[in-house]
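K.L.:
starting from these lines, generate the structure:
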Amino acid sequence: MNDTTRPEPARAPDTQKLAWLAAFHVYLEPASWRMLCLGFSAGLPLLLVLGTLSFRLREAGIDRSTIGFLSWVGLAYGFKWMWAPLVDRLPLPLLTRWLGRRRSWLLLAQATVMAGLVGMALLDPQVALAPVVWCALVVAFGSATQDIALDAFRIESADARHQAALAATYQTGYRLAMIWAGAGVLWIAARVAGTDDTNYQHAAWQTAYLVMAASMSLGALTVLLSPEPAQREMPAARNAAEWLQGALIEPFAEFIRRYRWQAALILGLIAVYRISDVVMGIMANPFYVDMGYTKDEVAAVTKVFGVIMTLLGAFIGGVLSMRLGVMRILMLGAVLSALTNLLFAWLATRGHDLTALIWVISADNLASGIASAAFIAYLSSLTNVNYSATQYALFSSMMLLAPKWLAGFSGVYVDAHGYEAFFTSTALLGAPVLLLVWLASRILPVAHEEVAASR
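P.N.:
Down below sits the predicted model:
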């Protein structure tokens with residue numbers, strides 16, 4: 001036997017080790033770093049028009065009822081699918097020729113957010129509340145538009161195999177921005193206010209919001225330095241009706257044609273996948289207060305330590321999705337999300353137990369990160385590159401509508417049955433999700449084959 005026919009010794013373990021190392025190496029690629037910065041730009045505005053703004057308004061003496069009504073500013077995120085077709089298909093004068101379709105809309109949206117934040121910084125809600133609200137609406141609209149363009153940019157920047165990794169780095173940037181827009185803005189305002197930081201000082205909030213506006217420049221710089229993703233040419237429309245058909249109706253019709261009756265299964269899964277987390281999350285903060293946890297304890301455990309665990313879960317979910325497949329990790333995320341709600345039911349029997357809180361928050365946020373990374377990758381895999389912005393906007397809006405509606409009744413349920421029963425019930429809400437994931441994993445591969453055969 002000569003050298004050319006001698007079999008090579010088995011090296012399966014080394015090969016597997018290198019494969020796992022290669023999977024983690026995806027986070028060092030330029031596309032992942034770009035998505036980290038753009039995720040930061042996407043996550044920054046959310047709290048500044050919701051949680052942080054409510055803190056500022058309350059300190060300024062605005063009543064709680066008004067603050068509650070003003071939370072409707074966030075509905076812009078739930079209805080972004082209505083103008084997603086414009087972002088998907090409409091070129092912007094001058095900007096699109098210079099930057100391309102995706103980057104031009106990203107830059108315009110970021111500029112809108114920055115302008116709105118500057119307005120919120122300069123205006124004093126104690127003097128006139130309405131102008132502050134209008135600026136908050138500008139920020140929310142610009143932020144939702146940025147989400148539409150950014151989702152399309154991410155989907156078109158890499159193949160399906162890399163979507164989980166891009167989703168993980170996007171989540172990392174998003175979560176870091178939420179820390180900066182939550183804890184960071186309060187820290188800046190407190191430093192400017194000095195020793196008298198318990199009373200409202202417009203100058204302190206002005207400085208904090210101007211810093212937040214300047215922080216958006218990270219996303220704008222990333223857009224300018226990023227390559228425009230390759231896109232398919234869109235057929236030219238001969239009139240307005242034909243353009244509306246292609247921009248507004250066709251993205252939804254294409255999805256139905258592609259999956260036929262399986263589309264109902266997919267949309268059902270999207271609508272309820274995060275239901276356990278969303279419904280439970282509404283009562284989380286009241287639960288901490290009722291259990292006697294201090295603001296410092298909740299901030300340290302949930303806002304800092306919890307975010308770190310979420311980021312870790314997102315990276316783990318991204319790697320596992322690449323190695324084991326998105327559907328398997330989608331199932332794992334659904335199981336973990338339900339089980340961690342049972343941990344909250346156990347925590348409700350402990351009273352004020354900081355150690356137990358740390359363990360429960362760690363498990364819950366780790367599970368949330370894994371589930372989110374897999375879910376974003378799954379949504380990305382469903383979109384057609386010709387309609388990526390419109391279709392993804394529809395999916396991402398759908399996933400919150402039913403859970404948010406149901407979560408509105410969570411306080412009534414807790415008053416009637418207590419926290420332990422409430423958390424147990426939210427865990428049981430995850431049971432239909434497991435069935436839908438199982439059905440999707442069994443049926444959709446057949447649907448994909450039929451779609452491929454019809455092309």
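K.L.:
summarise which helices and strands the helix or strand containing I148 is packed against.
P.N.:
Using DSSP states H and E, I148 maps to helix 129-156. Contact analysis of helix 129-156 by 3 or more Cβ pairs under 8 Å, 6 or more residues apart in numbering; DSSP states H and E lists helix 30-48, helix 64-70, helix 75-78, helix 84-89, helix 101-122, helix 163-179, helix 354-382, helix 388-407 as its packing neighbours. C-beta: built from backbone N, CA, C; applies to glycine.
K.L.:
for the shortest one, the distance to its chain's centre please.
P.N.:
If I follow you right, that is helix 75-78. 13 Å (Cα atoms, centre = their mean, to the nearest Å).
K.L.:
give me the mean pLDDT for it.
P.N.:
Average pLDDT, helix 75-78: 75.
K.L.:
buried sites along it?
P.N.:
76-77 (16 or more other Cβ atoms under 10 Å).
K.L.:
next one: the most centrally placed residue in the chain, what pLDDT does it get?
P.N.:
Centroid check for the chain by Cα atoms, centre = their mean gives Q171 as the closest residue, at 6.7 Å. With respect to pLDDT, Q171 scores 79.
K.L.:
so it makes contact with I316?
P.N.:
No - applying Cβ atoms under 8 Å as the test, Q171 and I316 come out as separate, 11.6 Å apart.
K.L.:
need the residues touching each of the two.
P.N.:
Residues touching both Q171 and I316 (Cβ atoms under 8 Å, 6 or more residues apart in numbering): 369, 373.
K.L.:
okay, now the domains of this protein?
P.N.:
30-228, 239-455 (automatic domain parsing).
K.L.:
any idea which of those domains scores lowest on pLDDT?
P.N.:
Minimum mean pLDDT among those: domain 239-455, a mean of 79.
K.L.:
who's in contact with A111?
P.N.:
142, 220.
K.L.:
what of the one 10 residues further on?
P.N.:
Taking Cβ under 8 Å, 6+ apart as the criterion, A121 is in contact with 205-210, 212-213.
K.L.:
hmm, 10 Å instead?
P.N.:
48, 132, 135, 202, 205-213 (Cβ atoms under 10 Å, 6 or more residues apart in numbering).
K.L.:
tell me which two in those residues are the farthest apart.
P.N.:
By the measure Cβ to Cβ, V132 and V211 form the most distant pair in the contacts of A121, at 17.5 Å.
K.L.:
the more surrounded of the two?
P.N.:
Taking neighbours as other Cβ atoms under 10 Å, V132 and V211 compare with V132 leading, 24 against 17.
K.L.:
that one and M120 touch, don't they?
P.N.:
Yes - using Cβ atoms under 10 Å, V132 is in contact with M120, at 5.9 Å.
K.L.:
would you agree L186 is in contact with A208?
P.N.:
Yes - with contact defined as Cβ under 10 Å, L186 reaches A208; the gap is 7.7 Å.
K.L.:
quick check: neighbours shared by these two?
P.N.:
In contact with both L186 and A208: 52, 56, using Cβ under 10 Å, 6+ apart.
K.L.:
the two - which one has more neighbours?
P.N.:
A208 (25 against 18).
K.L.:
and that one, what is it in contact with?
P.N.:
A208 neighbours (Cβ under 10 Å, 6+ apart): 48, 52, 56, 121, 181, 184-193.
K.L.:
mind doing that once more with 7 Å?
P.N.:
If you count contacts by Cβ atoms under 7 Å, 6 or more residues apart in numbering, A208 has them with 185, 188-189.
K.L.:
which of these sits closest to I275?
P.N.:
V185 (30.5 Å).
K.L.:
quick one: that closest one from Y392, how far?
P.N.:
Distance of V185 to Y392, given as Cβ to Cβ, to the nearest Å: 29 Å.
K.L.:
same check, this time on N384
P.N.:
10 Å.
K.L.:
out of the contacts of A121, which is nearest to P403?
P.N.:
L48 (23.3 Å).
K.L.:
hmm, the closest one is touching L210, no?
P.N.:
No - contact between L48 and L210 fails when scored by Cβ atoms under 7 Å: they sit 11.7 Å apart.
K.L.:
of those two, who's got more company?
P.N.:
L48 (28 against 16).
K.L.:
doesn't T172 make contact with L311?
P.N.:
Yes - contact criterion Cβ under 7 Å: L311 and T172 qualify, at 5.2 Å.
K.L.:
which residue packs closest to F40, ignoring adjacent ones?
P.N.:
Leaving aside its sequence neighbours, F40 sits nearest to G173 (Cβ to Cβ, 6 or more residues apart in numbering; 3.9 Å).
K.L.:
what number of residues lie near the one you found?
P.N.:
25.
K.L.:
from S32, how far out is it?
P.N.:
10 Å.
K.L.:
repeat for A204
P.N.:
36 Å.
K.L.:
give me the phi and psi for A128.
P.N.:
phi -150, psi 120 (degrees, to the nearest 10).
K.L.:
what's the answer for S441, then?
P.N.:
Per degrees, to the nearest 10, the backbone of S441 is at phi -70, psi -30.
K.L.:
can you tell me the closest non-neighbouring residue to it?
P.N.:
M327 (4.2 Å).
K.L.:
ok, the one you found - contacts?
P.N.:
437, 440-441.
K.L.:
quick one: it from A164, how far?
P.N.:
12 Å.
K.L.:
next one: I308
P.N.:
From I308 over to A164 (counting by Cβ to Cβ), the distance is 20 Å.
K.L.:
so for those two, which sits in the more crowded spot?
P.N.:
Using other Cβ under 10 Å, the more surrounded residue of I308 and A164 is A164, with 30 against 15.
K.L.:
got a list of what that one touches?
P.N.:
A164 neighbours (Cβ under 7 Å, 6+ apart): 317-318, 321-322, 326, 373-374, 377.
K.L.:
out of these, which comes closest to V412?
P.N.:
For those, the nearest to V412 is A374 (32.1 Å; Cβ to Cβ).
K.L.:
in this structure that closest one contacts M331, no?
P.N.:
No - with contact defined as Cβ under 7 Å, A374 does not count as touching M331 (8.7 Å).
K.L.:
looking at those two, which one has more neighbours?
P.N.:
A374 (31 against 19).
K.L.:
residue contacts, that one?
P.N.:
164, 317, 321, 326, 329-330, 333.
K.L.:
can you count the residues close to D63?
P.N.:
9.
K.L.:
ok, L221 next?
P.N.:
13.
K.L.:
distance check, the closest residue to it other than its chain neighbours against L44.
P.N.:
Closest residue to L221 apart from its sequence neighbours, by Cβ to Cβ, 6+ apart: C37 at 7.9 Å. Separation of C37 from L44 (Cβ to Cβ): 11 Å.
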